[in-house]
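# just to be clear, the model below is a prediction. Sequence and coordinates:
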Amino acid sequence: MASRPDIERFPPLRAWQRKAMVEYLRRPVEDFLAVATPGAGKTTFALRLAAEMLVAGTVEAVTVVTPTEHLKHQWAAAGASVGVHLDPNFRNADVHSSVDFHGAVVTYAQVGMAPAVHRRRTLARRTLVILDEIHHAGDSRSWGEGVSSAFGPAERRLMLTGTPFRSDDNPIPFVLYERGPDGLLRSRSNSTYGYGDALRDGVVRPVIFLAYSGETRWRTSAGEELAARLGEPMTQDLIAQAWRTALDARGDWMPQVLRAADARLSVVRRGMPDAGGLVIASDQTAARAYAKLLGEITGEKAVVVLSDDAGASGRIAEFAAGEQRWLVAVRMVSEGVDIPRLAVGVYATSASTPLFFAQAIGRFVRARRPGETASVFLPTVPHLLELASEMEAARDHVLGVRTKDGFDDELLERAQRDEKASDELGATFEALSATAELDQVIFDGATFGTPVGAGTPEEEEYLGLPGLLTPDQVATLLAKRQADQVAAERRARTAAGAAAAEPPAQRRPQSAGERRILLRKQLNGLVAAHHHRTGLPHGKIHAELRRRCGGPPSAQATIEQLEERIATIQSL
């Protein structure tokens, strides 16, 4: 018989956890949805609530439902450390949980396969059901129906999520929906604790995004060679193909970005000696190729985690407890997996939904001590830059609106299930070459810097930012780097005699891409000057310009939008 949980063994609760617990215990409800950013402590909150209810006799058993097998063991270990004993090895064939445990940890797939088994368990004892990353209950009809049938009779249900919901037509079981002014049904949470809240409280790390553009070339099945620069305005098909070309391990873009990321990791390790890096790949073939590149760059073998590998969970746990530099994965480390020492990431996947992006970035934000920062390298793809600029945005689950945020997430899902899965570009696409350059740095919704080549001293200035900084210090240093960079470029133009001295007939026509780069430089310089005059943060200045002029973040703005913002800030 499992012993009673010991409340004294729990760590002190954070403010949001205390507030949510008081709200729950004061007005108990059958269904409670807690939305909290990755790294905020959802697991601790849920286990503490379970312990309180077990001790009070409100419930007699606990069932935790997770998205993956690895998370079953992570939940069981966390529970055991505070006296809530959960069986991670329960199988549907077992029918009943052992009396040595307070309950079991199962997966959504497990419940979907045999909902009757879990319904009998739920009916046998008054049960608290904890549905971790509840949005997965809306992933498929069998999962949703299984969860509804199995846990409808539960005494209490606690739903957790740390990432934005999708917008689609599938209601998530046990989630309450309310109709808004626009007539659409939106999910309603009982407790919300976003990334912005956690950042202000020092619970999570500030994230510095380093976006890399570059020239890409590829060949179609018709033998036509195409070229494009990442980040330039183009159709979604061309963006997808340029993006894919950049991520090809045989080109120069990935080696250059991995080399920069490893240099950044070395800097971060001066203040965080055990800091680790994670490369998130699109498929297993790419993951192995990236691991080989990292081995050549660092001289140390990278740890590779593949979803269909029986030893994946063990390698994740070993990496989490060790000091190896790099981990390469496809999906296994994108959601819920707890590796607090991850501080540098490379977003080398074609997945682009807000859900996946938030899950991926969530692997790097867990703070262990004040001053830790996270650095994520990503391609200059407009949709990714927008997600990076809007890290603090909260999204509810909206019914009746189907959106496709991104380019080939469905292809990614198939690749993760089967290494040999084909894709729509497979027969018509051949990557030829790709080069990388640091295009911009994104922090707190603001952009900093102007394009610089990979491996240059100017790039090293950004890669060399100290790894232990407060959010204010990050913004201040980035602003200084940008000001120094702009001043250096101005001096170089002056020393060269300036373009005005060049005979007009010899000037090369300026492309739209070059025009956008120059306008972004000008806008960033004006924002920096306005910051020095007013003391307003760069992010707030950019946000006010967007409010007045409309349009996306400056990284995705058109030439006309940039010109309008420049005129606006010059009039302030």
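Alright, I've got the coordinates. Numbering: from 1, shown residues only.
# centre of the chain to whatever helix or strand R490 lives in, how far?
Element membership of R490 [criterion: DSSP states H and E] is helix 471-495. Distance of helix 471-495 from the chain centroid (CA atoms, centre = their mean, to the nearest Å) equals 28 Å.
# ok, now stretch 222-239?
For stretch 222-239, the distance from its own C-alpha centre to the chain's C-alpha centre is 26 Å (CA atoms, centre = their mean).
# and it, C-alpha only, in PDB?
The C-alpha coordinates for stretch 222-239 follow below in PDB (Å, rounded to 0.1, in the frame of the first residue of the first chain):
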ATOM      1  CA  ALA A 222      13.000  20.200 -65.300                       C
ATOM      2  CA  GLY A 223      16.600  21.000 -64.800                       C
ATOM      3  CA  GLU A 224      16.000  24.600 -64.100                       C
ATOM      4  CA  GLU A 225      18.300  26.200 -61.600                       C
ATOM      5  CA  LEU A 226      16.700  28.700 -59.200                       C
ATOM      6  CA  ALA A 227      18.400  31.100 -56.700                       C
ATOM      7  CA  ALA A 228      17.000  33.100 -53.800                       C
ATOM      8  CA  ARG A 229      18.100  34.800 -50.700                       C
ATOM      9  CA  LEU A 230      16.500  33.700 -47.400                       C
ATOM     10  CA  GLY A 231      14.300  36.500 -46.000                       C
ATOM     11  CA  GLU A 232      13.500  38.200 -49.300                       C
ATOM     12  CA  PRO A 233       9.900  38.500 -50.400                       C
ATOM     13  CA  MET A 234       8.800  35.500 -52.500                       C
ATOM     14  CA  THR A 235       6.100  33.000 -52.900                       C
ATOM     15  CA  GLN A 236       5.600  30.300 -50.200                       C
ATOM     16  CA  ASP A 237       6.800  27.600 -52.600                       C
ATOM     17  CA  LEU A 238      10.000  29.500 -53.200                       C
ATOM     18  CA  ILE A 239      10.400  30.200 -49.500                       C
END
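# which other residues reach that stretch?
Defining contact as CB atoms under 8 Å, 6 or more residues apart in numbering, one finds that stretch 222-239 is touched by 211-220, 241-243, 246, 379-382, 385, 407, 432, 439, 512-513, 516, 555, 558. C-beta here means a position set from N, CA and C on the backbone, and glycine is covered the same way.
# check which residues of it are buried.
Taking 16 or more other CB atoms under 10 Å as the neighbour-count basis, stretch 222-239 is seen to contain the buried residues 228-232, 239.
# which ones among the contacts of stretch 222-239 lie within strands?
Among the contacts of stretch 222-239, the members falling in strands (DSSP state E) are 211-213, 215-220, 379, 432, 439.
# for this protein, which helix or strand comes out least confident on mean pLDDT?
One helix or strand of the chain scores below all others by mean pLDDT, DSSP states H and E: helix 409-417, with a mean of 39.
# show me the contacts for S433.
Going by CB under 8 Å, 6+ apart, S433 touches 215-217, 245, 251-252.
# mind doing that once more with 7 Å?
If a contact means CB atoms under 7 Å, 6 or more residues apart in numbering, then S433 has 217, 251-252 as its contacts.
# low-confidence stretches in the stretch 401-550 of the chain?
Applying pLDDT under 70 to the stretch 401-550 of the chain flags the ranges 401-428, 493, 496-514, 532, 537-539.
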